[in-house]
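Undergrad: need a 3D model of the sequence below.
(one chain, ligands or ions: 1)
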Amino acid sequence: MTAKIIDGKQIAKDIRSELKDEVAALKEKGIVPGLGVILVGEDPASKSYVKAKERACEEIGIYSDDNRLPADITQKELISMVKKMNDDPKINGILVQLPLPEHLDEAEVIMTIDPTKDVDGFHPVNIGKMVIGEKCFLPCTPHGVQQLLGRSGAEVSGSHVVVVGRSNIVGKPVANMLFQKNKNANATVTVCHTGTKDLAYFTKQADIIIAAAGRPNTVTADMVKDGVVVIDVGVNRVEDASKKSGYRLVGDVDFDGLKEKASLITPVPGGVGPMTITMLLFNTVESAKQANSII
Ligand code: NAP
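TA: Reported below is the predicted structural model:
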């Protein structure tokens, strides 16, 4: 079997086009969704990620309030900026780019964000609501994974999903979302991690594998059954002398091997990556609708 490649770029484009229409309809009612962005320091990866977010906001018509803060900002100053955004009616979503410099307390910053503006879905109130199946802002990468499954026609309900990884931003939330009694969910979920004794024993039983280990080749072709659906969240740099940069990006699975056995598979790049920012925009538009009682 040769897998169909799930085109994350196209699916992200489709969702952004739907959001653009929604934003235009909101503007006719005098509502402009707004995203407040805080970037502390000069980390190049964070800077380029924030830039991509700002471009995406512009593309679909979301107002973006961009704040670049020096790396030596104090916790008090940062908290006070978040509080200002909590009180600003033009801001529907607040995004503090992580990781923060070491002297800052990330957990306190996340806790300070008003849960009704927590469009990253990292606040414990939103995480708690997600776990008990209440409406909330879903964390963006796991929500993107769920959208990729749903929009590529994967049968999630009744399937056995094996998640490789248990981080707070990917593994745990995606596992939780996929076993809820919801659309594009209702699966039986197994979560694997470094304490799992025989990873292949579990992956061989999977109808769907979500790989979020942060290590290349964590799942190889001999570890899966024919027809498996593979969503590769991993982004890893591996040395490649043929590239000008000296490296290339790969996921957590052996893409070339798995594509001969899977029914559906995401590439890296171009799979999950484009979905994360897209679901952030989705949450910001949702937040603007909720703030204006349009639901
Ligand atoms: P993380 O915090 O490092 O967590 C990795 C998880 O994988 C841990 O739970 C770890 O287990 C588990 N793990 C590592 N090696 C394993 C192995 N050989 N077998 C089984 N489990 C293993 O990483 P993360 O933040 O979840 O990110 C995962 C990957 O996704 C990274 O490559 C990251 O860059 C990427 N990512 C991409 C996006 C995107 O938008 N595309 C967004 C977020 C993350 P323990 O808990 O036992 O240590």
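Undergrad: near the ligand, which residues of the stretch 101-250 of the chain?
TA: Residues of the stretch 101-250 of the chain lying close to the ligand (CB under 6 Å from any ligand atom) are 141, 164-167, 169-171, 192-196, 199, 212-215, 218, 233-236. Placement of C-beta: from N, CA and C, glycine included.
Undergrad: please indicate which of those are buried?
TA: 141, 164-166, 169-171, 192, 196, 199, 212-214, 218, 233-234, 236 (16 or more other CB atoms under 10 Å).
Undergrad: counting contacts, what elements does the helix or strand containing V50 pack onto?
TA: Assessed by DSSP states H and E, V50 sits inside helix 44-60. If you count contacts as 3 or more CB pairs under 8 Å, 6 or more residues apart in numbering; DSSP states H and E, helix 44-60 packs onto helix 8-28, strand 34-40, strand 63-69, helix 273-291.
Undergrad: what is the distance between it and the centre of its chain?
TA: On the basis of CA atoms, centre = their mean, to the nearest Å, helix 44-60 sits 14 Å off its chain's mean C-alpha point.
Undergrad: list the buried residues of that helix.
TA: For helix 44-60, the neighbour count (16+ other CB under 10 Å) marks 46, 50, 53-54, 56-57, 60 as buried.
Undergrad: same check on stretch 65-74?
TA: Under 16+ other CB under 10 Å, the buried positions of stretch 65-74 are 65, 69, 73.
Undergrad: is it possible to get a markdown table of those residues that adds pLDDT and distance to the ligand?
TA: Formatted as a markdown table, the buried residues of stretch 65-74 follow (pLDDT from 0 to 100; distance: CB to the nearest ligand atom, whole Å):
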| residue | pLDDT | distance to the ligand |
| --- | --- | --- |
| D65 | 96 | 23 |
| L69 | 96 | 23 |
| I73 | 98 | 24 |
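Undergrad: please tabulate the residues you listed in JSON lines and include distance to M1 as additional columns.
TA: Converted to JSON lines, those look like this (distance: CB to CB, whole Å):
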{"residue": "D65", "distance to M1": "48"}
{"residue": "L69", "distance to M1": "50"}
{"residue": "I73", "distance to M1": "53"}
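Undergrad: ok, those residues vs S293, which is closest?
TA: D65 (22.8 Å; CB to CB).
Undergrad: surely that closest one and M85 touch.
TA: Yes - D65 is within contact range of M85, at 7.5 Å (criterion: CB atoms under 8 Å).
Undergrad: list residues touching both of the two?
TA: Counting by CB atoms under 8 Å, 6 or more residues apart in numbering, the shared contacts of D65 and M85 are 36, 91.
Undergrad: and K181, how many neighbours does it have?
TA: By the criterion of other CB atoms under 10 Å, K181 has 8 neighbours.
Undergrad: look up how far I15 lies from the closest residue in space to K289 that isn't next to it in sequence.
TA: Nearest residue to K289 in three dimensions, chain neighbours excluded: I295, at 5.8 Å (CB to CB, 6 or more residues apart in numbering). Relative to I15, I295 is positioned 18 Å away (CB to CB, to the nearest Å).
Undergrad: neighbour count winner among those two?
TA: The residue with more neighbours, out of I295 and I15, is I15; 20 against 7, by other CB under 10 Å.
Undergrad: and the residue nearest to the more buried one when sequence neighbours are not counted, what does it touch?
TA: Leaving aside its chain neighbours, I15 sits nearest to T278 (5.1 Å; criterion: CB to CB, 6+ apart). Contacts here follow CB under 8 Å, 6+ apart; on that basis T278 touches 12, 15-16, 19, 56, 144.
Undergrad: can you put those in a markdown table and add pLDDT?
TA: A markdown table is the format used below for the contacts of T278 (pLDDT from 0 to 100):
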| residue | pLDDT |
| --- | --- |
| A12 | 98 |
| I15 | 98 |
| R16 | 98 |
| L19 | 98 |
| A56 | 96 |
| G144 | 98 |
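Undergrad: which single one of the buried residues of helix 44-60 is nearest to the ligand?
TA: Nearest to the ligand out of these is K53 (CB to the nearest ligand atom; 11.8 Å).
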